[in-house]
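*Asks:* What shape does this take:
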Amino acid sequence: MADAQWSPGRRAGDADEFLPVLDLIEPIRQRRLTVLFRLLLLIPHFVVLFFLEIAAFCTAVFGWFAALVLGRLPEPVFRFLAGVLGYRTRVGASGMLLIDRYPPFALNPPPDYPVQIDVRPTRLNRLAVFFRLVLVIPAAIVQSLVTSGWYALAILWWLITLILGRMPRPLFEATAATLRYDMRVSAYLSLLSPAYPKRLFGEDALSVPERQGRSATRPLVMSGAAKALLVLFLVLGLVSALTTSVTRSSSDDTDTWMRRQSGRVVHPSTGMSGR
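*Replies:* Here you go, the predicted structure:
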């Protein structure tokens, strides 16, 4: 499994469009104690990620201008952004209970770490770079829905993994697909890849040549149950978004009405109200 790699151009044998790859090991038994305290154990990583994201944002802004001029990301920019993407993905995989091994505090993980990403930048279309924030909107909406849908039932997934000591295969596949799509959207937005995010519901086993290294998610061939879970995530995410929107609108209307009422003054002598 290969982590982020720098390539100034297309590699020999690469397909016309290389989608960023998320490599995960097959689901194995997890220690119930680490599952129980998973979020507490990851707090140090959340702190590190906070500062890394700030640095990555500033680097991405510089990279955007550089990509407009050069038609690609400069090597140091690519390496740093890819490192942050990998770090975020490894922490996400641990937080979503896909793996049990604790993430390393490093942008470049050990070769034997069970979560790896593979990003291979080619030359970037300058027009697509210029409008990247607009182009990413549809994929970002899907990403938001499927991710929020997963977290809507996160306590249930946590209880299942805690009781069984492992994540069931359909849930593992659906969760891996969610994380992979999130990673691909981030890679596209940060100009690490010109490939538009796709294949949320996985791919066919024959889509990856036999000569390439395989893992539990390369290719990600999903069962019917896993695809049904993904649909559930999307529906829950949509319901959550609609509920939040309606609640916010109702709250705004209530606040407006209360401000209008508080602006009225009742005169005791006349019983008339006024400003």
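*Asks:* any weak-confidence spans in this structure?
*Replies:* Scanning the chain for pLDDT under 70 picks out 1-16, 205-214, 249-258, 260-275.
*Asks:* mind listing the strands in it by residue range?
*Replies:* 21-24, 115-118, 265-266, 273-274 (DSSP state E).
*Asks:* Break down the protein into its helices, ranges please.
*Replies:* 32-36, 38-41, 43-70, 75-95, 126-130, 132-135, 137-152, 154-164, 169-189, 224-262 (DSSP state H).
*Asks:* which secondary structure elements does the fourth one contact?
*Replies:* Read that as helix 75-95. helix 38-41, helix 43-70, strand 115-118, helix 169-189 (3 or more Cβ pairs under 8 Å, 6 or more residues apart in numbering; DSSP states H and E). Backbone N, C-alpha and C define where each C-beta goes, glycine included.
*Asks:* what angle sits between the last one and helix 137-152?
*Replies:* Using axes from the mean of the first three to the mean of the last three Cα atoms, to 10 degrees, the direction of helix 169-189 lies 140 degrees away from that of helix 137-152.
*Asks:* could we number from 744 for the rest of this?
*Replies:* I'll keep to 744 as the first residue from here, and by that count the last item is helix 912-932.
*Asks:* what comes up buried for helix 912-932?
*Replies:* By neighbour count on 16 or more other Cβ atoms under 10 Å, the buried set for helix 912-932 is 913-932.
*Asks:* between that helix and helix 786-813, how big is the angle?
*Replies:* 40 degrees.
*Asks:* Ala938 contacts Leu762, correct?
*Replies:* Yes. Taking Cβ atoms under 8 Å as the definition, Ala938 is a contact partner of Leu762 at 4.8 Å.
*Asks:* Kindly reformat the helices and strands packed on helix 818-838 as a markdown table and extend each row with distance to Arg844.
*Replies:* As requested, the helices and strands packed on helix 818-838 are exported to a markdown table (distance: least, Cβ to Cβ, whole Å):
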| stretch | distance to Arg844 |
| --- | --- |
| helix 781-784 | 12 |
| helix 786-813 | 13 |
| strand 858-861 | 8 |
| helix 912-932 | 15 |
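*Asks:* Of the ones you listed, which is nearest Leu878?
*Replies:* helix 912-932 (8.2 Å; Cβ to Cβ).
*Asks:* which strands and helices sit next to that closest one?
*Replies:* strand 764-767, helix 818-838, helix 875-878, helix 880-895, helix 897-907, helix 967-1005.
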